[in-house]
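Q: Provided below are the primary sequence and the corresponding predicted coordinates.
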Amino acid sequence: MRIEHLYYFKRLAEALNYTQAAKDLYITQPALSTAIKRMEEELGFSLFYRQGTKFSKISLSPQGQVFYEYVCLALSSYERGIALAQEYEGQQSSELKIGTLYAIQGQFWSRALEEYRTFSSYNPEFSIRQAFSKALIAQLKKGNLDVVFSAKVDGKEDKDLNYTVCWSQPLVAAINKQHPLAKRAVKQDFISVADLADETILSYRQSSPVYTSLGPFLERHNITVSHFYDDEITLCSLVSSDENQVALLCYSFLVNAFEDVVCVPIKEAPMDFHKLYLVSRNETHSKVLQEFIDFMSKYRFPNILQLRN
């Protein structure tokens, strides 16, 4: 099977349209159709379901879906192998494809990248994508990202990945400044679980990586959450619009946008409540990527709660 045919299949599996895929690949549609047909004959199964006039509607077959996932991995390994080999010829790329959580923002993050850029001998260029942890880990495993800053998915480590703790997020109560609890919380710089009794509590969905730590904490302290949401922005927006609600969330710089919301640590929750990791594939890396991983593994990120407004 020719390597270019794998690229043809990958693009068609993503476009699900022969005309568009052929255009993206700079080949004719008949050439693409012939290549896919030969692949299916060689493999002994259909990669696509075809419907409509001249196969205007196509979708991946179950076999095609499985094959697609492994083709992505194979092509990613193939491309990384070429890049590593080219380092010996002085043709190495200095681009780093970095994935981060939406919550990772603020001066400390930008400062870390700039300090690495100053330190590095490779004059690196950064391509940064943001997503939630599950999507970041999936893209890392496919080879679409070089390294990610992420939480563990379902609280578990993947055996094919390396994890290094970078920093932690404390659990805080986000309270509208008009709420009676806000003045008391600011005066003592924390609140206790007992202070939350009889409050309407908002927090993360069970599908959130945070819930691995949050769920046991809620159960241990008999805290009932009334409504569940995906992220800190949504939670703070709801607290901002209704002073009778309190949100339990992991502090990030994103919440500083809400001037009428105060975030206060919870006495019973450890300051390293939710850990965030530098995650990379368990394989040989390019020199610039290995340098980046080594630098960030030793970098000392500040306590973000101490830097809050």
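A: Perfect, thanks for sending it.
Q: What's the local residue count around Glu199?
A: Counted by other CB atoms under 10 Å, the residues lying close to Glu199 total 18. For glycine as for every other residue, the C-beta is placed from the backbone atoms N, C-alpha and C.
Q: count of neighbours near Leu6?
A: By other CB under 10 Å, 18 other residues sit near Leu6.
Q: in which helix or strand would I find the closest residue to it other than its chain neighbours?
A: Nearest residue to Leu6 in three dimensions, chain neighbours excluded: Val71, at 5.3 Å (CB to CB, 6 or more residues apart in numbering). Per DSSP states H and E, Val71 falls inside helix 62-87.
Q: shouldn't Glu243 be in contact with Asn176?
A: Yes. Glu243 is in contact with Asn176 according to CB atoms under 8 Å; the separation is 3.8 Å.
Q: Which of the two has more residues huddled nearby?
A: Higher neighbour count among Glu243 and Asn176: Asn176, with 22 against 17, using other CB under 10 Å.
Q: check contacts around the more buried one.
A: With contact taken as CB atoms under 8 Å, 6 or more residues apart in numbering, Asn176 is in contact with Ala182, Val239, Ser240, Asp242, Glu243, Asn244, Gln245, Asp260, Val261.
Q: Filter those residues down to the buried ones.
A: Among those, those buried by neighbour count (16 or more other CB atoms under 10 Å) are Ala182, Val239, Ser240, Glu243, Gln245, Val261.
Q: re earlier: in TSV, list the contacts of Asn176 along with pLDDT, distance to Phe48 and secondary structure.
A: Formatted as TSV, the contacts of Asn176 follow (pLDDT from 0 to 100; distance: CB to CB, whole Å; DSSP: H, G, I helix; E, B strand; the rest coil):
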residue	pLDDT	distance to Phe48	secondary structure
Ala182	85	58	helix
Val239	93	48	helix
Ser240	92	48	helix
Asp242	89	50	coil
Glu243	88	55	coil
Asn244	90	54	coil
Gln245	92	49	strand
Asp260	90	53	coil
Val261	91	50	strand
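Q: partners of the residue lying closest to Phe292 once chain neighbours are set aside in the sheet?
A: Excluding its sequence neighbours, the residue lying closest to Phe292 (CB to CB, 6+ apart) is Leu96, at 5.8 Å. Counting by DSSP bridges, Leu96 forms beta bridges with Phe126.
Q: For Glu41, grab the count of nearby residues.
A: 9.
Q: ok, now Ser286?
A: Close neighbours of Ser286, defined as other CB under 10 Å, add up to 20.
Q: What is the subsequent helix or strand relative to the helix or strand bottoming out on mean pLDDT in the chain?
A: Of all helical and strand segments in the chain, the minimum by mean pLDDT, DSSP states H and E falls on helix 180-188, at a mean of 76. Where DSSP H and E defines the elements, the next helix or strand beyond helix 180-188 is strand 200-204.
Q: What separation do you get for the residue nearest to Phe292 and Pro209?
A: 23 Å (CB to CB, to the nearest Å).
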